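K.L.:
coordinates only, sequence not included:
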């Protein structure tokens, strides 16, 4: 079972709540996916209002909220947002997103590390969205992160695991759970991430923008389960050539 | 500054080069994943019209991928119609003999309450250009006053200096809309014969000053009906690419208001003045789709200048934000509903009705998408 900080998870699929056609559609997908952790952008919710439509539709006993700081351009703004989110949504869990570039929404490594150091001291459970940068992951570990969330491809692009070589290094080295975030465009991408040993994946665009989000959420659920099972069962090694008898070393048999 | 860049482009040869694009250029543009200025030219050219359905399908998919099934809602709040400029197409023009009005702090708050009651969290403050009465101090006070009530504040007023923008950003300003009206320098001067606005270069350098001031978002655009819309779109695209590279921390939005009838009383003319149709509905759809294909991350906004049925149909085509229930006169919501409008509204439906039309099309109307503590 997956454990992050003090919480255990049956499901290794996390969901984003943006981009859906309605709060009802989002809720349907959340329930169909079996997820136990959904991320919510602080900027999108009216945190002072208990009747906020988005928040109302994620209120289920098995679903935990993971507020995110999307929109923050630096560590200072992210820390401010984190404190607001903790107060308003009553959780110290936080998906740390700092992207000074509003076009490609690429994460700022330097500011993310700075914010992680600060937020860890303030008692937050931090899940930072980052580039697939193995060195940064180790630095975040030292700073007290609860997990790392490297991107598979630029966010919202559905391009799949473009960073797979670096993801594999991160997974091999990490002492904290690795959640592949951003870029996962199809259930097969999610399965692949799980097969290489990711602890979980976070999906939003591919489900929200699908013709039938609920069905797509179910497809992702199955893919994540299949990928994880395959990883745990031990996948066979991929070979690029047939294994010939050993003409170069066969002589050794006669020695 | 962009004023140095624009020198390199001759209007007439650019216009020619758009008209010379053929079906092969359009096909190539459609098949690429990232599109450049030449592709944009092809997509706005007459040669692209037969490909409109394909462009629309692509625009629809790209917009949903980036922005989801959502449409943001905003509303203009006109603070003043005082203006020292002569703009030949605008009802607020200095030479138009109308009663002038600037809202007092109490009146601003009355208007704020009315638009808050409609559900709005994103507001756009609009004024004419009257530096003595509606200068930076007035704008600063207005932002300070309304800040606690809105998640997101935008401004569409006269161009300001970098230092002045920095001041307003510190008060909580999120974005500034500054339309060049037209990128044709000589024509620009003809449309703006008097007032500070007649300075083409100062206006053209405004987005540079905004970028340097560190604004979150800049709105670009031209007024359709002043010059050839295709060439104006091309110059806007050049401007956008220039800005995106330099001010990479800023977000951009685009708008292409079509001229609407205005009420005139200037000595030469009295009564409702209509402008010629410079772009057809079909071509406007082409323009929206061309922008989306050119820039997947660009916000595209549509105002109540467009008519009901047309606006309904545009929702899934590539736009990302719309206004609804708008009044274009200072005090128009409650204080002084009968004062003169800047232009005549086409779509007069109230905000909640527009919201339900958005929902019917499978989209979520988004009222709040910012956190005021950041601004």
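P.N.:
On my side now, so go ahead. Computed from a predicted model, the values in this text were never measured in an experiment.

K.L.:
the helix or strand that contains residue B:238 vs chain A: in contact?
P.N.:
According to DSSP states H and E, residue B:238 maps onto helix B:229-246. Yes: using C-beta under 8 Å from any C-beta of the partner chain, helix B:229-246 reaches chain A at residue B:244. Heads up, the C-betas are built off the backbone N, CA and C, glycines and all.

K.L.:
would you mark the buried spots in that helix?
P.N.:
Residues of helix B:229-246 classed as buried: B:229-244 (neighbour count, 16 or more other C-beta atoms under 10 Å in any protein chain shown).

K.L.:
from those, which is closest to residue A:183?
P.N.:
Of all those, residue A:183 sits closest to residue B:244, with 21.7 Å by C-beta to C-beta.

K.L.:
touching, the closest one and residue B:252? I think so.
P.N.:
Yes: applying C-beta atoms under 8 Å as the test, residue B:244 and residue B:252 come out as touching, 6.7 Å apart.

K.L.:
so where's chain A shaky on pLDDT?
P.N.:
A:50, A:239-245 (pLDDT under 70).

K.L.:
residues in contact with the next helix or strand after the helix holding residue B:238?
P.N.:
Using DSSP H and E, the helix or strand that directly follows helix B:229-246 along the chain is strand B:251-255. Applying C-beta atoms under 8 Å, 6 or more residues apart in numbering or on different chains, the contact partners of strand B:251-255 are A:102-103, B:175, B:177, B:179, B:216-221, B:236, B:240, B:243-244, B:291, B:295, B:298-303, B:320-321.

K.L.:
between strand B:251-255 and helix B:229-246, how many degrees?
P.N.:
Orientation of strand B:251-255 against helix B:229-246 (axes from the mean of the first three to the mean of the last three C-alpha atoms, to 10 degrees) gives an angle of 170 degrees.

K.L.:
in strand B:251-255, what's buried?
P.N.:
Under the neighbour-count criterion of 16+ other C-beta under 10 Å, strand B:251-255 has B:251-255 buried.

K.L.:
just stretch A:227-240 next, same as before
P.N.:
Result for stretch A:227-240 [16+ other C-beta under 10 Å]: buried residues A:227-228, A:231.

K.L.:
repeat that for stretch B:3-11.
P.N.:
Using 16+ other C-beta under 10 Å as the test for burial, stretch B:3-11 gives B:6, B:11.

K.L.:
same check on stretch B:259-278?
P.N.:
By neighbour count, with 16+ other C-beta under 10 Å as the criterion, the buried positions of stretch B:259-278 are B:259-260, B:262-264, B:266, B:273, B:278.

K.L.:
now the residues you listed in CSV, with pLDDT, distance to residue B:336 and secondary structure?
P.N.:
Listed next are the buried residues of stretch B:259-278 as CSV, based on pLDDT from 0 to 100; distance: C-beta to C-beta, whole Å; DSSP: H, G, I helix; E, B strand; the rest coil:
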residue, pLDDT, distance to residue B:336, secondary structure
B:259, 82, 25, coil
B:260, 77, 21, coil
B:262, 76, 18, strand
B:263, 77, 15, strand
B:264, 75, 20, strand
B:266, 73, 22, coil
B:273, 77, 23, strand
B:278, 80, 32, coil
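
K.L.:
near chain B, which residues of the stretch 151-255 of chain A?
P.N.:
Residues of the stretch 151-255 of chain A lying near chain B by C-beta under 8 Å from any C-beta: A:156-158, A:205, A:208-209.

K.L.:
for the helix holding residue B:238, packing partners?
P.N.:
In terms of contacts (3 or more C-beta pairs under 8 Å, 6 or more residues apart in numbering or on different chains; DSSP states H and E), helix B:229-246 is packed against helix B:2-6, helix B:11-19, helix B:37-44, helix B:206-213, strand B:217-221, strand B:251-255, helix B:281-294.

K.L.:
between that helix and helix B:206-213, how many degrees?
P.N.:
Using the same axes, to 10 degrees: helix B:229-246 against helix B:206-213 is 20 degrees.

K.L.:
ok and the residue in the stretch 51-200 of chain A nearest chain B?
P.N.:
Per C-beta to the nearest C-beta, residue A:102 is where the stretch 51-200 of chain A lies closest to chain B, at 4.0 Å.

K.L.:
tell me the SS of the closest residue to residue B:176 other than its chain neighbours?
P.N.:
Nearest residue to residue B:176, sequence neighbours excluded (C-beta to C-beta, 6 or more residues apart in numbering or on different chains): residue B:155, at 5.0 Å. Assigned with DSSP: H, G, I helix; E, B strand; the rest coil, residue B:155 falls in the strand class.

K.L.:
could you tell me how many residues sit around residue B:155?
P.N.:
When neighbours are defined as other C-beta atoms under 10 Å in any protein chain shown, residue B:155 has 25 of them.

K.L.:
contacts only, for residue A:227.
P.N.:
By C-beta under 8 Å, 6+ apart, the residues touching residue A:227 are A:190-195.

K.L.:
separation between residue B:220 and chain A?
P.N.:
The gap separating residue B:220 from chain A is 14 Å, by C-beta to the nearest C-beta, to the nearest Å.

K.L.:
to what extent is that residue buried, counted in neighbours?
P.N.:
For residue B:220, the neighbour count with other C-beta under 10 Å is 21.
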